[in-house]
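1. Build the 3D model from these lines:
(chains A and B)
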Number of protein chains: 2
Amino acid sequence: MSTPADFNDIEEGLDFQPRFDASGLVTCVATDAGTGEVLMVAHMNEEALRKTIASGDAWYFSRSRNALWRKGETSGHTQRVVEMRMDCDQDAIWIRVEQHGAACHTGRHSCFYRKIDAADGDTRLSFVDADRQFDPNKVYRK
Amino acid sequence: MSTPADFNDIEEGLDFQPRFDASGLVTCVATDAGTGEVLMVAHMNEEALRKTIASGDAWYFSRSRNALWRKGETSGHTQRVVEMRMDCDQDAIWIRVEQHGAACHTGRHSCFYRKIDAADGDTRLSFVDADRQFDPNKVYRK
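-> From the prediction side, this is the model:
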C-alpha cells in the first residue's frame, strides 16, 4: 500500500517519535485523573520519559536542579500514571495521574492555585483552591 | 506588617509577574471548560498574554511561524477564556476555554488524539478520540 506524498508521519503515524527540544526536553502536563484539574507543567528528558513508561510512576527532569527526578521521591507525593497521551507534533505529553497527596512543592494539590484577574486595566492574582496539604518547610527540611 | 525574610513573592504573592523564558515565552495549557480534556499546549509572549487577558479570546505566539496568532483566526475555531490561572513559579499558565469547533490544526477536538502504549518493551501510539471535526486541507487551503 503506498503512502500519500503529503502524509505526515509525526502527526498521523503510530510510531512513538518524541521530538525533544534543543535542551533535550519535552513538555509534560499532568492532570488529576479524577477531577481533570491541571496539577503541574514540567519537563521530561528521554530518560524520564522512558522511566515513566516502564514504571508507571511519573519521572521528570528538573531544569533548575539539572537532575532527573522521580516525582515524590522526597515528599512521598508520587504520581501513578493512568494514561499517557502524545500531542500532534510529538513535543508535548499529557499524563492523567492518581496524585498521592499534593503535586506542588508549596504544599498545594495543584501548582495552579492562583487565578489571573483583570480589573480596571490592572492584572492581579487571587488565591483559589490554595489550601496547603503539607508544610514544605517540614517536608523538604529547608 | 513585616514580611518574613524567606517570603517568596513569585510563589506566595498576588502580583502578576509572568516569568518569560529566554525566547520571551511562557507555556500555556488550554483545557476544555466542559470536559476537562487537555486541548493543546502552546506558548504566549507578553503581547499574546496581554491580548488574551484584555479580549477574553486566546492568543498565542507560534514558534514555528514566529508570529502572534489569535486562535481560530484562520479556521474560525476560536477559544473563549472562562478562567486563567498562574502556576507557582509564574512560568506556566492554564486556561479553561470554551472551544468552538476543534482545537487541533489536524481537525481533531484535542491535539492529544493518540495514547502512548507500552507492550513487550515496545512503545507505540494508538488513536483515541481521533475523529476529525474538519478537513485541514479545506480549512487551511493547503
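
2. ok, the closest residue to A:Asp91 other than its chain neighbours - contacts?
-> Taking CB to CB, 6 or more residues apart in numbering or on different chains, and ignoring the residues beside it in sequence, A:Asp91 has A:Arg19 as its nearest neighbour in space, at 4.5 Å. From N, CA and C alone the C-beta is placed, and that goes for glycine too. If a contact means CB atoms under 8 Å, 6 or more residues apart in numbering or on different chains, then A:Arg19 has A:10, A:26, A:89-91 as its contacts.

3. Greatest separation within these: which pair is it?
-> Checked with CB to CB, the contacts of A:Arg19 reach their widest spread between A:Ile10 and A:Val26, with 12.9 Å between them.

4. Those two: who's more crowded?
-> A:Val26 (22 against 13; other CB atoms under 10 Å in any protein chain shown).

5. quick one, phi/psi of the more buried one?
-> With angles defined as degrees, to the nearest 10, A:Val26 shows backbone torsions of phi -120, psi 150.

6. is it in a bridge, and if so with what?
-> A:Met44 (DSSP bridges).

7. wait, it sits on A:Asp89?
-> No: between A:Val26 and A:Asp89 there is no contact, the gap being 10.4 Å when judged by CB atoms under 8 Å.

8. before we move on, the earlier item: need the overlap of contacts for A:Ile10 and A:Val26.
-> Listed as contacting both A:Ile10 and A:Val26 by CB under 8 Å, 6+ apart are A:19, A:90.

9. ok, and the helix or strand in chain A with the lowest average confidence?
-> For chain A, using mean pLDDT, DSSP states H and E, the weakest element among its helices and strands is helix A:136-139, scoring a mean of 86.

10. CA-only coordinates of that one in CSV, if you can.
-> Once non-C-alpha atoms are left out, helix A:136-139 reads as follows in CSV (Å, rounded to 0.1, in the frame of the first residue of the first chain):
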residue,chain,number,x,y,z
PRO,A,136,7.0,22.5,52.7
ASN,A,137,9.4,23.7,55.4
LYS,A,138,8.9,20.4,57.2
VAL,A,139,8.7,18.1,54.2
